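In: Model the structure of this input:
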Amino acid sequence: ELRQTQQMLHRTQGTRQEQMQLLQALMSKMEQLTELVKEDKGKDKDGDLDDDDEYDDEVEECEEDRYTSGPIHICAGHDGYLTASPIVMPDERHAISAGSDNTLRMWDLWTGECARTLEPGFGPVTALAATAEGGLIVCGDEDSVLRVWDLEAGKCLQTRDEFKWEMGSMTAVAVSPDGSRAVSAYSDDADMHVWDLAKTAGGVLTTLSGHTDDVTAVAITPDGQRVVSASKDHTLRMWNLESGQCIKTLRGHQGAVFAVAVTPDGKRAVSGGADDIVRVWDLCTTRCIAKLHGHTDNVTRLAVCPDGRRVVSGSCDGTLRMWDLTRMRVWDLTPGACLDTLKVEGGVAMLWISPDGEHVVYQDECESLHVVRLYGQ
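Out: Numbers count the residues shown, from 1 in each chain. Model (predicted):
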């Protein structure tokens, strides 16, 4: 009850009167807990426990487990390693993964079982994204070709091969919220390319030029108007999706930037890289408003919870960390607080968060796909 009241107080967005009521309830429960502890010490000064005490202790341990991070499923099935970040579908039940065995697999997150296997007939997929409705998958592979797949029908609807074998592997792809545009990046090219998905054929709409090294990650803001990119040139850039113009270059990382994500309200971006730091950016002022310290190796993956209050980071230090963005204050630049740390086997190679904000899907260096329930859920 104490934990539940603390969480309600932390999450409430109600009036000040409602917040005060929750605070009073929290204080009352703390007083009750204090009295119980005093009574317990008075009854069992000798340290012995009767049968009831032992039973209550076991119940308390079970309740505690509800708030401890841990894997609830390990999704195993690919013959080899994962080659792209898995994506959680909008239905909040399924995830899509791509493997070195040249297959796409759909996983049931409730059971951990493989619900479907697609064999595209081309090299391993290196970048994945889904439309907001979840019916279409946009992917790219080692031959620089962008493809659009219909999951229900299990067939490829579009093939954009203008750059075939010219740009290297596709390193990142993002789809606009309305599903009309896709932005792709490649290992042998510092530029990004914008595609019109409303048409079944045609060349690149716009080229985003400005980075001086490989682009490692791409995100599109919820309004579909801006693109935020991360690069090995130590910078992030914000772009106008329609015109292709660079709005601002975001500098601060002391090394390559490997990951970027945008909050659901489109006001902030979160980035991570080779300097082991997670940075939070205000996209209105384009200033870094917080630096989140804790990782001891490269930050390679980031995902923002749907409520915009928390962000999960994955690192080569073998941990996932969840950060509380609500505890930052722009005016004093106070850093966010790490809510929980989950140790994993080896580094975190791929990371995605479910649309309901309750689960994280990640791949470790042992090439296994894990589903983890977030702390406090």
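
In: For the helix or strand encompassing Thr300, which strands pair with it and how are they oriented?
Out: Element membership of Thr300, judged by DSSP states H and E, is strand 299-304. Sheet pairing here is set by DSSP bridges, and for strand 299-304 it gives strand 310-315 (antiparallel).

In: quick one: strands adjacent to whatever helix or strand comes next after the strand it pairs with?
Out: Counting by DSSP H and E, the next helix or strand C-terminal to strand 310-315 is strand 319-324. In the sheet, strand 319-324 lines up against strand 310-315 (antiparallel), strand 337-343 (antiparallel) (DSSP bridges).

In: ok, and for stretch 231-241, which residues are buried?
Out: 231-239, 241 (16 or more other CB atoms under 10 Å). Placement of C-beta: from N, CA and C, glycine included.

In: Next: stretch 128-144.
Out: Those buried within stretch 128-144 under the rule 16+ other CB under 10 Å are 128-131, 134, 136-144.

In: Give me the lowest-pLDDT entry from those.
Out: Lowest in pLDDT among those is Gly134, which has 76.

In: Which helix or strand contains that one?
Out: Here Gly134, judged by DSSP H and E, is contained in no helix and no strand.

In: What of the one 3 residues further on?
Out: Taking DSSP H and E as the definition, Ile137 sits inside strand 136-141.

In: list the helices and strands that strand packs on?
Out: strand 125-130, strand 146-150, strand 170-175 (3 or more CB pairs under 8 Å, 6 or more residues apart in numbering; DSSP states H and E).

In: Identify the residues contacting it?
Out: 84, 87, 96, 98, 104, 120, 122-131, 146-151, 157, 169-170, 173, 175, 179, 182, 184, 197 (CB atoms under 8 Å, 6 or more residues apart in numbering).

In: Now that we have the buried residues of stretch 231-241, can you turn them into CSV and tack on pLDDT, distance to Leu208 and secondary structure?
Out: Putting these into CSV (pLDDT from 0 to 100; distance: CB to CB, whole Å; DSSP: H, G, I helix; E, B strand; the rest coil) gives the following:
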residue, pLDDT, distance to Leu208, secondary structure
Ser231, 96, 11, strand
Lys232, 96, 16, coil
Asp233, 96, 14, coil
His234, 96, 18, coil
Thr235, 96, 13, strand
Leu236, 97, 13, strand
Arg237, 97, 8, strand
Met238, 97, 10, strand
Trp239, 97, 5, strand
Leu241, 95, 9, coil
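
In: which two from these end up farthest apart in space?
Out: The largest distance within the buried residues of stretch 231-241, taken as CB to CB, falls between His234 and Leu241 and amounts to 23.3 Å.

In: ok, the residue nearest to Asp188 when sequence neighbours are not counted to Thr83 distance?
Out: The shortest distance from Asp188 to any non-neighbouring residue, by CB to CB, 6 or more residues apart in numbering, is to Gly168 (3.3 Å). Distance of Gly168 to Thr83, given as CB to CB, to the nearest Å: 14 Å.

In: Could you check which of those two has the larger neighbour count?
Out: Taking Gly168 and Thr83 together and counting by other CB atoms under 10 Å, Thr83 has the greater number of neighbours (24 against 16).

In: how about the helices of the stretch 1-150 of the chain, start to end?
Out: Listed in chain order, the helices of the stretch 1-150 of the chain (DSSP state H, counting those that start in this stretch) span 2-11, 16-43, 51-65.

In: looking at the ones you listed, which has the lowest confidence?
Out: Set side by side, the helices of the stretch 1-150 of the chain differ in mean pLDDT, and helix 51-65 is lowest with a mean of 31.

In: Low-confidence regions, the protein specifically.
Out: 1-73, 202, 327-377 (pLDDT under 70).

In: Try it again at 50.
Out: Applying pLDDT under 50 to the chain flags residues 41, 43-70, 328-334, 375-377.

In: Could you work out the end-to-end span of stretch 258-275 for me?
Out: Stretch 258-275 has an end-to-end distance of 10 Å (criterion: CA to CA, to the nearest Å).
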